[in-house]
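*Asks:* Got a predicted structure plus its sequence, pasted below:
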Amino acid sequence: MFTSLLIANRGEIACRIIRTARRMGLRTIAVYSDADREALHVELADEAWRLGPAPAVESYLNQNALLAVIKASGAEAVHPGYGFLAENADFAEAVAGAGSVFVGPPPDAVRAMGSKAAAKALMHKAGVPLVPGYHGDAQDTETLAREAEAVGYPLLIKASAGGGGKGMRAVERPADFAEALAGAQREASASFGDARVLLEKYLQRPRHIEVQVFADTHGNTVHMFERDCSLQRRHQKVVEEAPAPGMDPARRAEMGAAAVAAAEAIGYVGAGTVEFIAEGNAFYFMEMNTRLQVEHPVTEAVTGLDLVEWQLRVAAGEVLPWRQDDLSLDGHAVEVRLYAEDPGRDFLPATGRLDHLRLPDGLPGVRVDSGVQAGDAVTPNYDPMLAKIIAHGANRPAALRRLRHALEQTGVGGVTTNLAFLCDLLDHPEVRAGGADTGLIGRARADLIAAGEALPEGALALAALAELERRRAEVAVEAAESGDPHSPWHTTTGWRLNVETHLDLRFAVREVEQVVRVRYRPEAYLLDLPSGSVDARGHLADDGTLDAEIGGRRLRGAVVRRGHDLTVLLGPRAYRLIRLQPLAGAESDAGVDGTLTAPMPGKITKVAVEAGAEVDAGATLMVLEAMKMEHTIVAPAQGRVAEVRYRMGDQVEEGTELLVFEVAAEKEAGAA
Ligand code: ADP
């Protein structure tokens, strides 16, 4: 066994590989781009080397930079993870050329599966069933259109060099073929530098079932059962499980044998995945991924094996110690991928700063593979996956229960994620029943995304409590800094007026104003919520975590604040509120000086008012697009827009004064 391992990757997969390598006593070597200088994988490794600037082509995809680090660090082996250079045969060869062991299959096996079309031709020869279609060399429009007729509609055009769903188009009828083909070719050529496509019959309600294979350098190949990855958005996986619901032993053996045949046909070594698309009892080869998959933890959970450990051992020349019959399944495992993305905007990747991050910790049967920490920036440079949460149980319902419970213990603030969507998806009857097809998310999307939008009272109470606690902390600092810390003017309990005082906290929730009247009690606040008054108290931590007791019930949530913008995290759900007309007095960033500022750098995409406009509290004044997220600048109170300083299309820095606002004469009763 080699003694050092360089991980040519980042994020959760780099962290995951480092953990196993360290357990095996290897010296771990991380690499990083400028954007990842403080990243978790850099922290976890024994040593770390800079590759270059943030863009992947200049860092994680930069073969020369990687080879230089491999040499300089003396790394005896290199694990590519997944993505980046994991399926790049030239890189695998260059690593070997540099005298290091590439932890992966032989370059020729990677090349054989590199083109979907060539792989299909090869699999056809090996007797592996294929989706009816065309994967020939002729690529002129006429031939393709004719072949399309033969395949029949609906059909799918796929980029031969494809991956990640790029260059893929479904076509319903012949009239749309030419345009879809042109689109697929354009995308394929832009993404892969290769415009070639293949055609496949578009299966109507298929499932994605893939088989994990493993081979050593001594001619042994086994499979480690299947994973069902049918829950997909935009043809990309978000939930995976092992084993596949409804799989019977005979069919499992048949698919396993087909996968092993596929691997053997190309002289495969190490961990690989043979992907099938299944409909009814039929299954067809789609492609083989010649690397570790994102979803490998579900296989690890049900087999009890560490696949990275076996990748390393196989790379070091060890013999696989099992025959097929030695491997068995234990229970059921389900994984979800937590992505920085916006389900409400067709799952568009989201960026921003992870102001608050809570991941499940120490739950039985739950594993979390994450590559991020609170405070990290999620940038458009890399894949937006934040973490994987995997639950294992004696059976499928038990695994799902554990996973669902684990998601309740998860919270992300500062970046839009698919967390609430994942919860709703796991609650969907078809998912609970098992065996859903790849179209489920597409069909159920409207329902899934509409669910959970109404603001629960608990979230409103947390928002109010956080604002009060924040104010109290500020006043405490002011008091400590002033000459007379005991001055009654620094009290926030409201007793100084010697009458019962109150304060109205006003929020806008999707443009609707919500008022929470607050009265002060000796040890708590009394909050008037829509359904009645409750006592509330709590402790607000610096990262926004709020441990509260509201109406006699403990509630743990978080309130993340950016200017007037509040995000309340309650369980796995995030609710956005805008604070209107903040506490009168010295709040620093609350527009007291009459200007409204940009909460982050971005571009102005809408100017909704002109100077002189009289507006109500909560009215939209401007929309700023920052890092693919929209921020609405709203009127903090009823009043008049005195000045509009920027125009649509302008680029502004964080803190730029966008508008001057005059608050209408104060009507609020009471003061703090
Ligand atoms: P990529 O490599 O770009 O991710 P794949 O070939 O792996 O593309 O396909 C991705 C997904 O697209 C599959 O998991 C499946 O849901 C869907 N898909 C692929 N081929 C077909 C097909 N012939 N019919 C229906 N759906 C398909």
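*Replies:* Nice, thanks for sending it over.

*Asks:* Just give the closest residue to residue 394, not the sequence neighbours.
*Replies:* Closest residue to residue 394 apart from its sequence neighbours, by Cβ to Cβ, 6 or more residues apart in numbering: residue 331 at 4.9 Å. (Each C-beta comes from the backbone N, C-alpha and C, glycine too.)

*Asks:* any idea how far that neighbour lies from residue 243?
*Replies:* 9 Å (Cβ to Cβ, to the nearest Å).

*Asks:* How about the residues of the stretch 1-150 of the chain by the ligand?
*Replies:* The stretch 1-150 of the chain comes close to the ligand at residues residue 131, as judged by Cβ under 6 Å from any ligand atom.

*Asks:* follow-up on the earlier one: surely the residue nearest to residue 394 meets residue 400?
*Replies:* No. With contacts counted by Cβ atoms under 8 Å, residue 331 stays clear of residue 400, the gap being 11.9 Å.

*Asks:* low pLDDT regions in the stretch 351-500 of the chain?
*Replies:* For the stretch 351-500 of the chain, the stretches flagged by pLDDT under 70 are 450-453, 485-500.

*Asks:* re the thing from before, number of nearby residues for the residue nearest to residue 394?
*Replies:* Residue 331: 17 surrounding residues under other Cβ atoms under 10 Å.

*Asks:* Okay, and the residue in the stretch 401-550 of the chain positioned nearest to the ligand sits in which element?
*Replies:* Per Cβ to the nearest ligand atom, residue 438 is where the stretch 401-550 of the chain lies closest to the ligand, at 3.7 Å. Following DSSP states H and E, one finds residue 438 outside all helices and strands.

*Asks:* That one against residue 204, yeah?
*Replies:* No. When contacts are counted by Cβ under 8 Å, residue 438 is not listed as touching residue 204 (10.0 Å).

*Asks:* between those two, which one's more packed in?
*Replies:* The residue with more neighbours, out of residue 438 and residue 204, is residue 438; 20 against 10, by other Cβ under 10 Å.

*Asks:* Quick check: phi and psi at the more buried one.
*Replies:* Backbone geometry at residue 438, expressed as degrees, to the nearest 10, gives phi -70, psi -10.

*Asks:* heads up, I number from 21, so please use that
*Replies:* Renumbered: residue one is now 21, and that last one reads residue 458.

*Asks:* What about residue 681, how many residues nearby?
*Replies:* 22.

*Asks:* which residues sit in contact with it?
*Replies:* By Cβ atoms under 8 Å, 6 or more residues apart in numbering, residue 681 lies in contact with 611, 614-616, 641, 655-656, 659-662.

*Asks:* still on that earlier bit, tell me, what's touching residue 351 and residue 263 both at once?
*Replies:* With contacts defined as Cβ under 8 Å, 6+ apart, the residues shared by residue 351 and residue 263 are residue 322.

*Asks:* Residue 358 versus the closest residue to residue 394 other than its chain neighbours, what's the distance?
*Replies:* Computed as Cβ to Cβ, 6+ apart, the closest residue to residue 394 that is not its neighbour in sequence is residue 377, at 4.2 Å. With distances taken as Cβ to Cβ, residue 377 is found 10 Å from residue 358.

*Asks:* what residues does the chain put near the ligand?
*Replies:* Counting by Cβ under 6 Å from any ligand atom, the chain sits next to the ligand at 151, 176, 178, 182-185, 188, 220-223, 226, 228, 252, 255, 295, 297, 306-307, 458.

*Asks:* The residue nearest to residue 394 touches residue 391, doesn't it?
*Replies:* No. Applying Cβ under 8 Å as the test, residue 377 and residue 391 come out as separate, 11.5 Å apart.

*Asks:* okay, these two: which has more neighbours?
*Replies:* Comparing residue 377 with residue 391 by other Cβ under 10 Å, the one with more neighbours is residue 391, at 24 against 21.

*Asks:* Check which helices and strands the helix or strand in which residue 334 is found sits against.
*Replies:* Assessed by DSSP H and E, residue 334 sits inside helix 327-335. Using 3 or more Cβ pairs under 8 Å, 6 or more residues apart in numbering; DSSP states H and E as the contact test, the elements touching helix 327-335 are helix 31-43, strand 97-99, strand 227-235, strand 290-299, helix 316-323.

*Asks:* Flag every buried residue along the helix or strand following that helix.
*Replies:* Next in sequence after helix 327-335, counting helices and strands by DSSP H and E, comes strand 352-359. Buried residues in strand 352-359, counted by 16 or more other Cβ atoms under 10 Å: 352-359.

*Asks:* Show me which of the residues you listed is closest to residue 121.
*Replies:* Nearest to residue 121 out of those is residue 355 (Cβ to Cβ; 28.8 Å).

*Asks:* contacting residues for that closest one?
*Replies:* Each residue near residue 355 by Cβ under 8 Å, 6+ apart is listed here: 259-261, 315, 317-318, 408-410.

*Asks:* still on that earlier bit, only the buried subset of the residues of the chain next to the ligand, as a ChimeraX command please.
*Replies:* Under the burial definition 16+ other Cβ under 10 Å, those of the residues of the chain next to the ligand that qualify are selected in ChimeraX by:
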select :151,176,178,182,183,188,220,221,222,223,226,228,252,295,297,306,307,458
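
*Asks:* Counting residues, which helix of the chain comes out longest?
*Replies:* helix 477-501 (DSSP state H).

*Asks:* beta partners for the closest residue in space to residue 442 that isn't next to it in sequence?
*Replies:* Among residues not flanking residue 442 along the chain, residue 356 sits closest, at 4.8 Å (Cβ to Cβ, 6+ apart). Beta-bridge partners of residue 356, counted by DSSP bridges, are residue 259, residue 409.

*Asks:* in terms of contact, does residue 356 touch residue 257 like I think?
*Replies:* No. At 10.0 Å, residue 356 does not count as touching residue 257 under the criterion of Cβ under 8 Å.

*Asks:* Just give me the neighbour total for the closest residue to residue 336 other than its chain neighbours.
*Replies:* Spatial nearest neighbour of residue 336, chain neighbours left out: residue 21 (4.6 Å); criterion: Cβ to Cβ, 6+ apart. Residues contacting residue 21 under the criterion other Cβ under 10 Å number 13.

*Asks:* Now for residue 21: which residues touch it?
*Replies:* Taking Cβ under 8 Å, 6+ apart as the test, what residue 21 contacts is 44, 46, 332-333, 336, 338.

*Asks:* could you redo these as a markdown table and give each row pLDDT?
*Replies:* Shown next, in a markdown table, are the contacts of residue 21 (pLDDT from 0 to 100):
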| residue | pLDDT |
| --- | --- |
| 44 | 98 |
| 46 | 98 |
| 332 | 98 |
| 333 | 98 |
| 336 | 98 |
| 338 | 98 |
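
*Asks:* could you dump the residues you listed to CSV with distance to residue 158 and neighbour count?
*Replies:* Below are the contacts of residue 21 laid out as CSV (distance: Cβ to Cβ, whole Å; neighbours: other Cβ atoms under 10 Å):
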residue, distance to residue 158, neighbour count
44, 50, 16
46, 49, 21
332, 43, 24
333, 44, 18
336, 45, 14
338, 45, 14
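
*Asks:* Between which two of those is the distance greatest?
*Replies:* Farthest apart among the contacts of residue 21 by Cβ to Cβ are 46 and 338. That separation is 14.4 Å.
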